[in-house]
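**Student:** sequence-free structure coming up:
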């Protein structure tokens with residue numbers, strides 16, 4: 001099974017990207033379905049497949065389903081076919097004794113524990129074959145990476161989570177904050193225990209994947225020739241800058257310095273006040289900025305100042321972008337260290353938006369149509385108006401291109417209305 005013909009060259013470009021080098025062109029990752037309605041192979045790699053979360057040991061079915069969907073997906077540019085074993089964000093909490101529950105299309109981790117009992121519980125956790133979840137993670141990573149290597153794709157490390165996010169699964173957000181205030185020494189001890197075991201689990205899983213696969217990947221799906229991870233701490237939303245520096249930043253630095261490269265997953269607008277702290281971490285390779293619900297999406301002009309600030313600090317940038325935003329990102333940002341990923345509905349749509357260095361039109365035809373729409377005060381393109389545009393623009397397109405163009409224009413109009 002060959003999922004990507006140019007995978008060797010793509011990996012060479014990605015190896016250069018991590019060091020902010022360019023071989024022949026900037027890095028870009030994109031996907032589209034080979035046939036209409038078959039989009040799905042890449043979704044597994046960004047956590048959309050919950051097969052394992054619903055049946056913890058059904059790795060065979062999960063891998064087989066991924067392979068079927070992957071054969072129907074075109075992996076363009078620096079996209080690397082990769083299977084992500086999705087047990088939810090922070091499955092290491094289960095290693096410490098939480099019973100994970102899959103509900104409402106996500107995995108929940110909750111084991112209410114009193115502050116006076118938490119240290120003993122964490123200390124009693126042993127990383128051996130008697131630990132159900134530790135043994136499971138080793139087993140699925142071994143079996144999965146062996147099959148991935150045999151077939152020809154990447155097997156990613158599972159989402160191990162952040163230190164305080166794991167601790168919150170036991171104490172709960174409110175009790176965690178109160179314990180920080182009243183008994184910070186308990187939190188410090190818990191952090192030390194969790195971080196030590198977290199890094200041990202990371203090393204154990206990394207060694208397995210490194211042995212079987214060429215390179216390393218994680219849920220963020222950015223292939224790397226060496227060790228890396230998308231570090232994060234969602235609990236930052238509950239903390240002021242002083243407590244962030246006290247209880248979070250030291251652990252992030254330790255994690256980042258533990259591996260060859262690291263990307264910080266900066267999730268939500270509430271993390272913007274901490275951006276300078278992230279950028280001050282010398283060993284941090286880059287940042288993925290996710291604006292969060294209710295904001296303009298990643299890649300929008302509104303966030304260019306943040307991307308530029310990250311690049312000015314010498315860090316890489318990872319952006320999951322809407323198709324129409326892809327061209328201007330490569331025009332306004334430094335191509336070194338820039339990694340833009342986008343999913344297109346078809347090969348034709350990809351050609352509409354891809355940058356010129358990938359043989360694309362850079363959205364010029366789409367923008368031409370949108371300008372005509374604006375001039376004629378149109379909120380929705382029907383077939384009659386679309387034909388009128390084609391006549392005035394003197395465009396002679398084949399039927400498939402016409403259909404895709406009409407679809408893309410209306411998609412852009414809907415997105416514009418949604419975020420207005």
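**Tutor:** Okay, I see it. Worth saying up front: this structure is predicted, and the values here are computed from it rather than measured.
**Student:** so what's the nearest residue to residue 121 once chain neighbours are set aside up against?
**Tutor:** Leaving aside its sequence neighbours, residue 121 sits nearest to residue 113 (Cβ to Cβ, 6 or more residues apart in numbering; 6.0 Å). C-beta here means a position set from N, CA and C on the backbone, and glycine is covered the same way. Listed by Cβ atoms under 8 Å, 6 or more residues apart in numbering, the contact partners of residue 113 are 121, 170, 171.
**Student:** Which of the residues you listed sits closest to residue 218?
**Tutor:** residue 170 (24.2 Å; Cβ to Cβ).
**Student:** Hmm, the closest one is touching residue 94, no?
**Tutor:** No. Using Cβ atoms under 8 Å, residue 170 makes no contact with residue 94, being 11.7 Å away.
**Student:** Most neighbours of all the contacts of residue 113, which one?
**Tutor:** residue 170 (25 neighbours; other Cβ atoms under 10 Å).
**Student:** what does the model give that residue for pLDDT?
**Tutor:** Looking at residue 170, its pLDDT is 98.
**Student:** quick one: what helix or strand has it in it?
**Tutor:** helix 163-171 (DSSP states H and E).
**Student:** Please list the outside residues in contact with that helix.
**Tutor:** By Cβ under 8 Å, 6+ apart, helix 163-171 touches 89-90, 92-93, 96, 98, 109-113, 115, 118, 121, 176, 179, 187, 190-191, 194-195, 198, 232-235, 247-248, 251.
**Student:** do that again at 7 Å, thanks
**Tutor:** Helix 163-171 is contacted by residues 90, 92-93, 96, 98, 109-111, 113, 115, 118, 176, 179, 190-191, 194-195, 198, 233-235, 247-248, 251 when judged by Cβ atoms under 7 Å, 6 or more residues apart in numbering.
**Student:** Give the next helix or strand downstream of that helix.
**Tutor:** By DSSP H and E, the next helix or strand past helix 163-171 is helix 173-182.
**Student:** tell me what that following helix is packed against?
**Tutor:** Using 3 or more Cβ pairs under 7 Å, 6 or more residues apart in numbering; DSSP states H and E as the contact test, the elements touching helix 173-182 are helix 163-171, helix 184-212.
**Student:** Which other helices and strands does the very next helix or strand once past the last one contact?
**Tutor:** Toward the C-terminus, helix 184-212 is succeeded by strand 230-231 as the next helix or strand (DSSP H and E). For strand 230-231, the elements it packs on are helix 249-258, strand 263-267, judged by 3+ Cβ pairs under 7 Å, 6+ apart.
**Student:** change it to 6 Å
**Tutor:** Applying 3 or more Cβ pairs under 6 Å, 6 or more residues apart in numbering; DSSP states H and E, we find strand 230-231 packed against strand 263-267.
**Student:** residues making contact with the strand it packs on?
**Tutor:** 230, 231, 232, 278, 286, 287, 288, 289, 290, 318 (Cβ atoms under 6 Å, 6 or more residues apart in numbering).
**Student:** Now the very next helix or strand once past it: buried residues?
**Tutor:** Tracing the chain past strand 263-267, the next element assigned as helix or strand by DSSP H and E is helix 275-279. Buried positions in helix 275-279, judged by neighbour count with 16 or more other Cβ atoms under 10 Å: 275, 277, 278, 279.
**Student:** Kindly report the same for stretch 199-212.
**Tutor:** So, applying 16+ other Cβ under 10 Å, buried residues of stretch 199-212: 199, 201, 202, 205, 206, 208, 209, 212.
**Student:** give me the low-pLDDT residue ranges for the stretch 1-150 of the chain?
**Tutor:** 37-47 (pLDDT under 70).
**Student:** Helices along that one, start to end?
**Tutor:** Secondary structure of the stretch 1-150 of the chain (DSSP state H, counting those that start in this stretch): helices at 7-18, 51-54, 59-70, 92-95, 115-123, 132-151.
**Student:** Tell me how far the residue lying closest to residue 16 once chain neighbours are set aside lies from residue 400.
**Tutor:** Once flanking residues are discounted, residue 16 sits nearest to residue 23: 5.1 Å by Cβ to Cβ, 6+ apart. To residue 400, residue 23 is 33 Å away according to Cβ to Cβ, to the nearest Å.
**Student:** and what of residue 239?
**Tutor:** Where residue 400 is concerned, residue 239 sits at a distance of 52 Å (Cβ to Cβ).
**Student:** can you pull up the bridge partners for residue 155?
**Tutor:** Counting by DSSP bridges, residue 155 is bridged to residue 83.
**Student:** tell me the centre residue of the protein?
**Tutor:** By Cα atoms, centre = their mean, the mean C-alpha position of the chain lies nearest to residue 220, the distance being 2.9 Å.
**Student:** For the residue nearest to that one when sequence neighbours are not counted, name its beta-bridge partners.
**Tutor:** Closest residue to residue 220 apart from its sequence neighbours, by Cβ to Cβ, 6+ apart: residue 230 at 4.2 Å. Note on residue 230: beta-bridge partners residue 263, judged by DSSP bridges.
**Student:** ok, residue 230 - contacts?
**Tutor:** 218, 220, 263, 265 are the contacts of residue 230 under Cβ under 6 Å, 6+ apart.
**Student:** roughly how far apart are it and residue 84?
**Tutor:** Distance from residue 230 to residue 84, by Cβ to Cβ: 12 Å.
**Student:** got it, and residue 409?
**Tutor:** Counting by Cβ to Cβ, the gap from residue 409 to residue 84 is 33 Å.
**Student:** The two: which has the busier surroundings?
**Tutor:** Ranked by neighbour count (other Cβ under 10 Å), residue 409 and residue 84 place residue 84 first, with 26 against 22.
**Student:** Skipping adjacent residues, who's closest to the more buried one in space?
**Tutor:** residue 156 (4.4 Å).
**Student:** Kind regards, and thank you for your time.
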